[in-house]
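A.B. asks: Got a sequence here, can you model it:
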Amino acid sequence: GLAAGVVVVASSTAAPTVLSSSSSSRVVGVASAGPWLVVAFATKEVKCFEESGGGAVCGERLAPRRPSALAIHDGCALVACGGELYASPLPSLDREAWLLGHTSSVITAVAAAGGLVATADRNEKIRLSRWPQTAIIDAYCLGHRSFVSRVRFVHDDDARLVSAGGDGALILWTRGEETRKVDHDEPLTCLAVARDGRVAVASQKDVFLYEDFCGGGDDAHAADDLLSSKPPTPPTRFATESAVVDLCFDDKDDALIALVADAKVVLRRLGADGTQSSALPPRLRGAVDAATREGLAPPTTALHALDTIDPQKDDAEENVPPIILRKHTIDLRVDVSVLGNKKKAKTATAASSSDKCRETDQSELHPATSRGSG
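C.D. replies: Residues are numbered from 1 along each chain as shown. This is a model prediction of the structure:
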């Protein structure tokens, strides 16, 4: 659950842990790996919690700007702030190293696997950088027509990457090349990739589950052969009662779980046959109960980490991308015809001045002739 300063952790071996923070700000990013859970807050705080042992804070630091995306890779927390990506060691977060930057843009998503780090931005671009030599760009994935909302590697395989964007495009990239693309009518704001290659995406109130979008299996070469031979199977579609703000595959119970925007934390289990159920695995049921006891509520939008509008306010805009993701427009306040007339007048003035200069130059070159004619 994401709420004001609190995260609920569901464990398969123990009761759910409620991690609290002294900050009253909302959570804008969560990433976990092994025993560590990294949480980023809208106040620029980044904290590392230990999932076991009561959720003690193991390290914390203040990010240069409000984090917009978060990931964990190779024992480091990767924190995107505006258009730059930083790394801090786990669990102490006691130092910070600048990794890369997207010029004049905002990083919207981060993913890492093997020897690559994928960073996406609001200007339709995905950059694949080598790890840890992030100054070396392996490839650019250019295929979206609007902001990129999510990126995920397939089964920790750095050869295959899945992306979703505001243009409604779901794209599979193989070694930086577009392998498969499916267009949707609405912007895609959530993305989940299972270990077996299944892919789920969500728009406002619709979830699409693709059984074979990535070709299945762990071999990228075999997947390429499969993808080139046939189109993807039509997806299973789910319609939810409220906006979907997050998706994930529960590999232990072979389930697709959706977090739905509501007054309380609501999880839905989505089946391959298109059915929805509130029956959850015990550990997830316990997490929902813990969130209810704490009075937690999920964010109202999937891209809340990038939103500059307070979602708790009544005047917050709905069903639109955050301000930071919208294209900048410049109003034309000058009459073009006036500019044309001014340009003509300026040209005429320049020509007149040039003629006078030429007359002056001639008189200076032939002073005797000038005096005689006078």
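A.B. asks: how about the helices in the stretch 251-374 of the chain?
C.D. replies: Counting by DSSP state H, counting those that start in this stretch, the stretch 251-374 of the chain has helices at residues 282-294, 336-365, 367-373.
A.B. asks: Check the stretch 101-250 of the chain too.
C.D. replies: Counting by DSSP H, counting those that start in this stretch, the helices of the stretch 101-250 of the chain are 220-229.
A.B. asks: quick one: low-confidence ranges for it?
C.D. replies: Scanning the stretch 101-250 of the chain for pLDDT under 70 picks out the ranges 216-230.
A.B. asks: hmm, 90 instead?
C.D. replies: 103-104, 155-157, 195-197, 204-205, 212, 214-233, 240-243, 245-246, 250 (pLDDT under 90).
A.B. asks: quick one, what contacts residue 19?
C.D. replies: For residue 19, the contacting residues are 6-9, 37, 39, 49, 55, by Cβ atoms under 8 Å, 6 or more residues apart in numbering. For every residue, glycine as well, the C-beta is placed using N, CA and C.
A.B. asks: Now with 7 Å, please.
C.D. replies: 6-7, 9, 37, 49, 55 (Cβ atoms under 7 Å, 6 or more residues apart in numbering).
A.B. asks: Name the nearest residue to it, sequence neighbours excluded.
C.D. replies: Using Cβ to Cβ, 6 or more residues apart in numbering and skipping residues adjacent in sequence, the residue nearest residue 19 is residue 55, 4.2 Å away.
A.B. asks: count of neighbours near that neighbour?
C.D. replies: Look at residue 55: counted by other Cβ atoms under 10 Å, it has 16 neighbours.
A.B. asks: Can you read off the pLDDT for it?
C.D. replies: On pLDDT, residue 55 comes in at 79.
A.B. asks: is it fair to say it lies in a strand?
C.D. replies: No - under DSSP: H, G, I helix; E, B strand; the rest coil, residue 55 sits outside any strand and is assigned coil.
A.B. asks: I'd say it and residue 17 touch.
C.D. replies: Yes - with contact defined as Cβ atoms under 7 Å, residue 55 counts as touching residue 17 (4.8 Å).
A.B. asks: For these two, list the residues in contact with both.
C.D. replies: residue 9.
A.B. asks: elements contacting the lengthiest strand in the chain?
C.D. replies: In the chain, taking DSSP state E as the definition, the longest strand is strand 157-165. Counting contacts by 3 or more Cβ pairs under 7 Å, 6 or more residues apart in numbering; DSSP states H and E, strand 157-165 packs against strand 116-121, strand 148-154, strand 169-174, strand 190-193, helix 220-229.
A.B. asks: Can you list the buried residues in stretch 148-164?
C.D. replies: When burial is assessed from 16 or more other Cβ atoms under 10 Å, stretch 148-164 yields the following buried residues: 148-155, 157-164.
A.B. asks: again, but for stretch 112-130
C.D. replies: By neighbour count on 16+ other Cβ under 10 Å, the buried set for stretch 112-130 is 112-113, 116-129.
A.B. asks: quick one: residue 89 from residue 112, how far?
C.D. replies: Using Cβ to Cβ, to the nearest Å, we find residue 89 at a distance of 15 Å from residue 112.
A.B. asks: Residue 99 too?
C.D. replies: Distance from residue 99 to residue 112, by Cβ to Cβ: 10 Å.
A.B. asks: May I have the residues that are in contact with the nearest residue to residue 192 once chain neighbours are set aside?
C.D. replies: Using Cβ to Cβ, 6+ apart and skipping the chain neighbours, the partner closest in space to residue 192 is residue 247 (4.0 Å). Residue 247 makes contacts with 190-192, 200, 202, 207, 256, 258, as judged by Cβ under 7 Å, 6+ apart.
A.B. asks: And for residue 127?
C.D. replies: Contacts of residue 127 (Cβ under 7 Å, 6+ apart): 102, 119, 137, 140.
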